[in-house]
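J.: Here is the input, now give the coordinates:
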Amino acid sequence: MNKKIIIALLACVVLSQCNTLLSDCEALRERETAIAQEEKGGYFVGRRYYIPLCRFWGYLREPGQSWRTAKLVMMDESLVHTPDRGPEEPLPNATFGTDQNVEYIVKGKYTGQQGYDPSTNQVLPLFRAESYEVRNREPGFLFVPSEEYTKDFVTLRPAIMPQPETCEQVLQKQQ
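T.: Below is the predicted model:
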C-alpha cells in the first residue's frame, strides 16, 4: 500500500515539473522573441530586485540581450539617486524598495569598480546611473514564470532559467 502511494506521489511531482518546465519554456520563448526586437542603443534595461538591508539595486542587461546575461549590480548614486531612495527599514516610514520588480530604462555605465554587499557576501559590479525611466511597472517574471520571490534571501538568479537547449527539446516534444 505504501509503495503505491509513494509511486503516485512521485508521478505527480514529475508530471507537475514537466508541465512547469513546458510553460516556463513557452513563456521564455515568447519573451526572448520580444527582447530580440528591442531598439539597440546607449541604455540598459534594469529590473529592481529588492531584499531588505541588502546593498544591491537589481539586475541590468543590455537591450536585445536575454535576462540570462543580466548582472546583479550595486548603484553608484554620485550622479543621481535611485528612484525609490528614501528611509530604509527599520526606520519608520521606510520607502526604500517600494519599486520591487519595476522595469526601468537606465542610462549610465559600469565604473569598472566593484562593491561588497555584506548581507549576501557578494562582490558586485558598480554601475553609475545617469538617469532612470520607468519602462513597465508590472513586467511579470524576471527569469522564469515559476520563480518564487522572497524578501529573506536572494532567490532570483539567471541560473534558474532552463538552458536554451533544454527548452528547445521540451518544446519540440510538444509539437
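J.: And the lowest mean pLDDT element among the helices and strands of the chain?
T.: helix 2-36 (a mean of 68; mean pLDDT, DSSP states H and E).
J.: need the next SSE after that one, C-terminal direction.
T.: Once the chain leaves helix 2-36, the next helix or strand it forms, by DSSP states H and E, is strand 44-48.
J.: where do the strands sit along the protein?
T.: Counting by DSSP state E, the chain has strands at residues 44-48, 58-61, 71-76, 103-117, 122-136.
J.: among these, which is nearest residue 29?
T.: Of all the strands of the chain, strand 58-61 sits nearest to residue 29, with 17.4 Å by CB to CB. For the C-beta atoms, the positions are set from N, CA and C on the backbone; glycine is no exception.
J.: could you list every residue that touches the spatially most central residue of the chain?
T.: With the centre of the chain defined as its mean C-alpha position, the nearest residue by CA atoms, centre = their mean is residue 142, 3.9 Å away. For residue 142, the contacting residues are 47, 49, 59, 67, 101, 156, taking CB atoms under 8 Å, 6 or more residues apart in numbering as the criterion.
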